[in-house]
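predicted model and sequence follow; I will ask about them next.
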Amino acid sequence: MPHDTSSARRRLVRPTAHPPRSSCPLRLQKLRTRLGQERTTLTRWMARLRRAFHTVERTQQRISRLERQLARFEE
């Protein structure tokens, strides 16, 4: 027996989630503390990344300088 396509499919209606209460001072304090910790962590990682980037940059410059010197001597 073929399906009747003219009838709409049944929809599942879920209750809406209540928005979190931002007036809770303990929760706000925890969020602010976590934000501070994450910012500190990011600052630390950015410093490491900057040092690593400059190290790579200097190494690339040394390599290209050595390659140029070798090319000059091989001529």
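Right, received. Where do you want to start?

where in the protein is pLDDT low?
Residues of the chain meeting the criterion pLDDT under 70: 1-5, 19-23.

ok, the spatially most central residue of it - contacts?
Computing the C-alpha centroid of the chain and ranking residues by Cα atoms, centre = their mean puts residue 42 first, at 10.6 Å. Listed by Cβ atoms under 8 Å, 6 or more residues apart in numbering, residue 42 has no contact partners. The C-beta positions use only the backbone N, C-alpha and C, and glycine is treated the same way.

from residue 63, how far off is it?
Here residue 42 is placed at a distance of 31 Å from residue 63 (Cβ to Cβ, to the nearest Å).

how about the helices in this protein?
25-74 (DSSP state H).

can you dump the C-alpha atoms of stretch 43-51 in CSV for me?
The C-alpha trace of stretch 43-51 is given here as CSV (Å, rounded to 0.1, in the frame of the first residue of the first chain):
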residue,chain,number,x,y,z
THR,A,43,49.5,35.8,27.2
ARG,A,44,51.9,33.1,28.2
TRP,A,45,51.3,31.1,25.0
MET,A,46,51.6,34.2,22.8
ALA,A,47,55.0,35.0,24.3
ARG,A,48,56.2,31.4,23.6
LEU,A,49,54.8,31.7,20.1
ARG,A,50,56.5,35.0,19.5
ARG,A,51,59.9,33.5,20.6
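
and that stretch, which residues are buried?
Within stretch 43-51, no residue qualifies as buried by neighbour count (16 or more other Cβ atoms under 10 Å).
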